[in-house]
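*Asks:* Requesting a structural model of the entry that follows:
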Amino acid sequence: MPEKHLYDTRFFVEYFFSNDAEFVNKLKQEAKSTKEKLVSVLTIHELHHINMKRSGKEIANLRSHTILTEFKVVDVGYEIATKSAELRTYRKMPLADSVIAATSQICGCVLISDDAHFREIPNLKMKWFS
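*Replies:* Numbering: from 1, shown residues only. Here you go, the predicted model:
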């Protein structure tokens, strides 16, 4: 069974805003080569907010809609909410990061991120491209 990947906000920030064309190409190849691409609804929130501030509402809407069509968006249900609360309690994580980590674990995904908060979580598979 092919790996499922859950993409963190860091992936999209680099994808949309990095000036390193070679690195962006690696990210594009990653996204193209992954059959099951998931994203947390909180990643959509964080990224939409970042895009609104940096690029304006029109670009934010376009990018969020593009992600919606290319990725399966995972909402926060009971299981993710309770797992996220446990992570926040024991790992002292920000809310969005704890939801993203819980989503990755519950959905059985490799988390595409280099965020330091995630490195402390046991049994969380991660991948990055530096």
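*Asks:* Give me the buried positions along stretch 81-89.
*Replies:* Buried residues in stretch 81-89, counted by 16 or more other Cβ atoms under 10 Å: 83, 84, 87, 88. Where C-beta positions appear, they are placed from N, C-alpha and C, glycine not excepted.
*Asks:* Can you tell me how far residue 38 is from residue 82?
*Replies:* Residue 38 sits 19 Å away from residue 82, going by Cβ to Cβ, to the nearest Å.
*Asks:* scratch that, residue 12
*Replies:* 26 Å.
*Asks:* can you check residue 8 too?
*Replies:* From residue 8 across to residue 82, the span is 21 Å (Cβ to Cβ).
*Asks:* same thing with residue 99?
*Replies:* 11 Å.
*Asks:* cool, and residue 90?
*Replies:* Counting by Cβ to Cβ, the gap from residue 90 to residue 82 is 13 Å.
*Asks:* show me where the protein has helices.
*Replies:* Under the criterion DSSP state H, the chain contains helices at 9-17, 21-33, 41-55, 57-70, 78-91, 95-107, 116-119.
*Asks:* Can you list the low-confidence ranges for this protein?
*Replies:* Counting by pLDDT under 70, the ranges of the chain that qualify are 1-2, 130.
*Asks:* ok, residue 106 - how many residues close by?
*Replies:* Residue 106: 16 surrounding residues under other Cβ atoms under 10 Å.
*Asks:* Tell me who's in contact with it.
*Replies:* Neighbouring residues of residue 106 by Cβ atoms under 8 Å, 6 or more residues apart in numbering: 79, 80, 83.
*Asks:* residues contacting the first one?
*Replies:* Read that as residue 79. Residue 79 is in contact with residue 106, counting by Cβ under 8 Å, 6+ apart.
*Asks:* Distance of it relative to residue 107?
*Replies:* With distances taken as Cβ to Cβ, residue 79 is found 10 Å from residue 107.
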